[in-house]
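*Asks:* Take this sequence and fold it.
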Amino acid sequence: MLVPDSTNFDELTVRLRDLVTNTELSSNAVAGIGGVFAPGGAWLYLATYERTLLGADHGRIVTSGGTTLYKAFAPPLTDKPTLAATGSGGVVTAGVHRVGYLIQTATGFAGRLSPVDSSTQLFDTTSAVTIAAGEKIDFELDIAWPQDAVLAYPVMTTADNLDRYFIVPGLDPEVIAGGTTHSICLLYTSDAADEL
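*Replies:* Numbers count the residues shown, from 1 in each chain. The predicted structure is shown next:
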């Protein structure tokens, strides 16, 4: 069982203690002078605050055993994939397609679409490619993934509706190692219109 251990007013951190082993989980110290904690099955949800009672850090989720501390509701990334129309033998509908990805974290949370524009935090509409009839989409993304990322799902729009995104049919989510730099190279041969 995990509980808040202490508040260190000099360091302004909240630490967790495992009551079963009576050990402090110092690697899981979080900024703040206090916090609100809620157990939920195998998870402990926490939010910390400063002296002003404003949020001190991201909401966090701690796994059973307290070995890993994840950000709750991970934000989307600004990294854009490199996109190109390539080859023949594809069934992607001719026209412009917006292309991006969803990141699923170790907690199961699949957040907003990436990439986002850093100034507006909305989907970056320049992440698009124009395809001729029968071509394929070459998707390449080489980035440092967030620590808690586990899966990346490629998404795209139909040529008819650039505001409706679908997980690309026929492509499995890419397994990624959070906290590492990992390259994804995919070749879209099917179309989001297949989902309709």
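*Asks:* Can you name the residues that contact Ala84?
*Replies:* Contact criterion Cβ atoms under 8 Å, 6 or more residues apart in numbering gives Val129, Ile137, Asp138 as the residues in contact with Ala84. In short, each C-beta sits where N, CA and C put it, glycine included.
*Asks:* let's go with 7 Å and repeat that
*Replies:* Val129, Asp138 (Cβ atoms under 7 Å, 6 or more residues apart in numbering).
*Asks:* from now on call the first residue 871
*Replies:* Shifting the count to begin at 871 puts that one at Ala954.
*Asks:* list the contacts for Leu916?
*Replies:* Going by Cβ under 7 Å, 6+ apart, Leu916 touches Val900, Gly905, Val906, Phe907, Arg930, Val932.
*Asks:* how close does it get to Ala955?
*Replies:* When Cβ to Cβ, to the nearest Å is the yardstick, Leu916 and Ala955 sit 47 Å from each other.
*Asks:* just Arg982 next, same as before
*Replies:* 26 Å.
*Asks:* and what of Phe907?
*Replies:* As it turns out, when the distance is counted by Cβ to Cβ, Phe907 lies 51 Å from Ala955.
*Asks:* Could you pick out the longest strand of the chain?
*Replies:* If you go by DSSP state E, the chain has its longest strand at strand 965-975.
*Asks:* quick one: buried residues of it?
*Replies:* His967, Arg968, Val969, Gly970, Tyr971, Leu972, Ile973, Gln974, Thr975 (16 or more other Cβ atoms under 10 Å).
*Asks:* Equivalent analysis for stretch 912-923, please.
*Replies:* Going by neighbour count (16+ other Cβ under 10 Å), the buried part of stretch 912-923 is Trp913, Leu914, Leu916, Ala917, Thr918, Tyr919.
*Asks:* do you know how far the nearest residue to the fifth one once chain neighbours are set aside is from Thr977?
*Replies:* Once flanking residues are discounted, Thr918 sits nearest to Gly902: 2.8 Å by Cβ to Cβ, 6 or more residues apart in numbering. Going from Gly902 to Thr977 by Cβ to Cβ gives 20 Å.
*Asks:* Walk me through the domains of the chain.
*Replies:* According to automatic domain parsing, the chain comprises the domains 872-941, 952-1065.
*Asks:* Mean pLDDT lowest where, among the ones you listed?
*Replies:* When these are compared on average pLDDT, domain 872-941 comes out lowest at a mean of 71.
*Asks:* that older thread, and the next helix or strand after the longest strand of the chain, how far from the chain's centre?
*Replies:* Towards the C-terminus, the helix or strand next in line after strand 965-975, according to DSSP states H and E, is strand 998-1001. Centre-to-centre, strand 998-1001 and its host chain are 24 Å apart (Cα atoms, centre = their mean, to the nearest Å).
*Asks:* Could you list every helix and strand that strand 998-1001 packs against?
*Replies:* strand 952-956, strand 965-975 (3 or more Cβ pairs under 7 Å, 6 or more residues apart in numbering; DSSP states H and E).
*Asks:* One more pass at 10 Å, please.
*Replies:* Contacts of strand 998-1001 with other secondary structure elements, assessed using 3 or more Cβ pairs under 10 Å, 6 or more residues apart in numbering; DSSP states H and E, are made with strand 952-956, strand 965-975, strand 1006-1014, strand 1019-1027.
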